[in-house]
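A.B. asks: only the shape, not the letters, is given here:
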């Protein structure tokens with residue numbers, strides 16, 4: 001009898017070869033012999049193996065899929081199902097009808113979909129309400145597709161997903177959209193939806209007649225020409241990137257009035273792509289006017305500070321320079337900003353400066369002090385300083401220090417002190433010799449300064465009294481000496497050695 005078998009061989013090169021051998025034993029003229037054919041079926045074996053593995057993967061995928069996958073015939077009878085619920089069994093379900101699990105009002109919808117797939121071989125998608133294992137009403141969506149054999153549709157595969165959660169989400173979304181529309185329509189801002197062709201799709205806060213005049217028109221109709229390119233770039237950017245951007249632009253009303261807006265332009269995303277942009281435009285006219293007035297005020301203040309004769313600087317808590325309106329000769333920004341003010345002040349005044357900074361930063365009050373520093377040539381420079389707080393909210397962030405050069409005043413005070421000492425010394429010397437004309441010590445001192453050609457004001461500054469008091473001393477001395485004017489009184493005092 002013929003013999004047939006499949007064998008696997010390994011070639012010398014190590015390659016595995018599958019063969020299909022067919023052997024027949026014949027007897028010719030009394031001689032028995034075997035005649036056989038051997039066919040290389042390596043490729044077929046590989047295909048069959050791949051097919052089995054593919055079927056196993058498919059079956060595993062179907063059985064573990066979250067969807068219910070059902071095969072039904074033209075009458076809706078269930079031929080197979082990938083899995084059943086906890087309360088059901090495969091034996092009870094196979095052979096039953098899909099209509100047993102669908103609410104009656106949806107039977108015609110499902111029946112029509114099955115018939116269409118059987119007739120046309122095309123896929124269908126339907127949404128309907130059905131019952132769970134525990135007879136709880138829920139919502140399903142099903143994709144129906146043909147099962148074909150030899151070109152004919154013999155059954156229908158129904159892939160069903162429970163969408164009760166999605167339905168609840170959609171209901172909540174509709175409620176949310178209704179709330180949002182109510183909010184948008186009462187919002188103080190102007191809210192527009194614009195498409196990629198810059199046409200207005202929707203807008204809040206308009207009556208129906210006004211909406212008809214706006215919907216479908218170009219957004220540029222309501223924007224001043226000089227702002228067209230800015231708005232165009234912003235909308236194009238949002239469509240390209242789905243990023244939100246903020247711009248400021250001018251809008252024009254039907255009566256020709258201009259309003260400035262600060263607009264937030266953001267994406268409306270549908271199915272993973274930007275379908276439109278939303279423009280939330282807030283009236284910024286008043287704020288811009290305030291900002292412009294503030295900038296003008298700041299420019300005036302900056303000009304005032306830059307041209308002020310005083311040195312005006314800001315320092316931090318440690319006394320480090322943060323800014324300054326100008327710099328001493330041979331100093332520049334790099335040699336001052338970022339350096340401690342103590343580098344430019346004689347050490348004996350450091351404690352006074354620290355005390356002033358403490359008053360500013362810890363107590364929030366203005367503090368005044370004098371200090372001495374050194375100029376580029378190591379010359380003494382005296383400053384009268386006022387330090388005050390600069391705040392952000394309630395927090396002191398830096399101190400502003402206004403410094404005036406009082407070196408000349410200090411020198412003048414020193415000179416006046418020397419003159420006062422000289423005048424007092426002369427008056428004291430004469431006072432010890434007696435009381436000529438019964439002149440007082442102060443009258444003798446004043447006469448000495450009159451003799452030097454000083455005015456009442458200069459004398460007052462020298463000996464630290466008022467000009468009126470000086471005049472009174474001069475008048476008393478003239479009366480006592482019996483002269484008619486101050487020049488004669490001074491001359492006699494010199495001539496007679498009184499001064």
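C.D. replies: Great, that's in hand. Keep in mind the model is a prediction, meaning the values are calculated, not measured. Numbering: from 1, shown residues only.

A.B. asks: in whichever strand or helix holds residue 353, which residues are buried?
C.D. replies: Secondary structure assignment for residue 353, by DSSP states H and E: helix 350-363. For helix 350-363, burial by neighbour count (16 or more other C-beta atoms under 10 Å) applies to 353, 356, 357, 359, 360, 361. Heads up, the C-betas are built off the backbone N, CA and C, glycines and all.

A.B. asks: identify each buried residue in the helix or strand following it, please.
C.D. replies: Toward the C-terminus, helix 350-363 is succeeded by strand 367-374 as the next helix or strand (DSSP H and E). Using 16+ other C-beta under 10 Å as the test for burial, strand 367-374 gives 367, 369, 371, 373.

A.B. asks: give me the element residue 402 is part of.
C.D. replies: Judged by DSSP H and E, residue 402 forms part of strand 395-405.

A.B. asks: what pLDDT, on average, does that strand get?
C.D. replies: Computed over strand 395-405, the mean pLDDT rounds to 92.

A.B. asks: which residue ranges of the stretch 151-300 of the chain form helices?
C.D. replies: Using DSSP state H, counting those that start in this stretch, the helices of the stretch 151-300 of the chain run over 164-186, 208-214, 228-241, 285-307.

A.B. asks: okay if I get the ones you listed as a markdown table plus mean neighbour count, mean pLDDT and distance to residue 266?
C.D. replies: Listed next are these as a markdown table, based on neighbours: other C-beta atoms under 10 Å; pLDDT from 0 to 100; distance: least, C-beta to C-beta, whole Å:
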| stretch | mean neighbour count | mean pLDDT | distance to residue 266 |
| --- | --- | --- | --- |
| helix 164-186 | 12 | 74 | 14 |
| helix 208-214 | 11 | 68 | 20 |
| helix 228-241 | 16 | 96 | 7 |
| helix 285-307 | 11 | 81 | 21 |
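
A.B. asks: and of those helices, who's closest to residue 279?
C.D. replies: With distances scored as C-beta to C-beta, the stretch of those nearest to residue 279 is helix 228-241 (7.9 Å).

A.B. asks: what is the neighbour count of residue 338?
C.D. replies: Using other C-beta atoms under 10 Å, residue 338 has 10 neighbouring residues.

A.B. asks: quick one: residues contacting it.
C.D. replies: 320, 321 (C-beta atoms under 8 Å, 6 or more residues apart in numbering).

A.B. asks: roughly how far apart are it and residue 128?
C.D. replies: Separation of residue 338 from residue 128 (C-beta to C-beta, to the nearest Å): 76 Å.

A.B. asks: confirm that residue 78 sits in a strand.
C.D. replies: Yes. With DSSP: H, G, I helix; E, B strand; the rest coil as the criterion, residue 78 is located in a strand.

A.B. asks: that one contacts residue 92, correct?
C.D. replies: No. Assessed by C-beta atoms under 8 Å, residue 78 is found out of contact with residue 92, at 10.2 Å.

A.B. asks: who has more neighbours out of the two?
C.D. replies: More crowded of residue 78 and residue 92, by other C-beta under 10 Å: residue 78, with 18 against 9.

A.B. asks: how about the contacts made by that one?
C.D. replies: Residue 78 makes contact with 70, 71, 72, 93, 94, 95, 96, 97, 98, according to C-beta under 8 Å, 6+ apart.

A.B. asks: then residue 454?
C.D. replies: Going by C-beta under 8 Å, 6+ apart, residue 454 touches residue 462.

A.B. asks: so where does it fall, helix or strand?
C.D. replies: Going by DSSP H and E, residue 454 is not in any helix or strand.

A.B. asks: circling back to that earlier point, format the contacts of residue 78 as JSON lines; extra columns: distance to residue 258, pLDDT and secondary structure.
C.D. replies: Shown next, in JSON lines, are those (distance: C-beta to C-beta, whole Å; pLDDT from 0 to 100; DSSP: H, G, I helix; E, B strand; the rest coil):
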{"residue": "70", "distance to residue 258": "66", "pLDDT": "90", "secondary structure": "strand"}
{"residue": "71", "distance to residue 258": "69", "pLDDT": "91", "secondary structure": "strand"}
{"residue": "72", "distance to residue 258": "68", "pLDDT": "93", "secondary structure": "strand"}
{"residue": "93", "distance to residue 258": "72", "pLDDT": "87", "secondary structure": "helix"}
{"residue": "94", "distance to residue 258": "75", "pLDDT": "88", "secondary structure": "coil"}
{"residue": "95", "distance to residue 258": "77", "pLDDT": "90", "secondary structure": "coil"}
{"residue": "96", "distance to residue 258": "73", "pLDDT": "91", "secondary structure": "coil"}
{"residue": "97", "distance to residue 258": "71", "pLDDT": "92", "secondary structure": "strand"}
{"residue": "98", "distance to residue 258": "66", "pLDDT": "92", "secondary structure": "helix"}
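
A.B. asks: nearest to residue 37, of those?
C.D. replies: Here the nearest of the contacts of residue 78 to residue 37, counting by C-beta to C-beta, is residue 71; it sits at 41.7 Å.

A.B. asks: quick check: beta-bridge partners of that closest one?
C.D. replies: Counting by DSSP bridges, residue 71 forms beta bridges with residue 80, residue 157.
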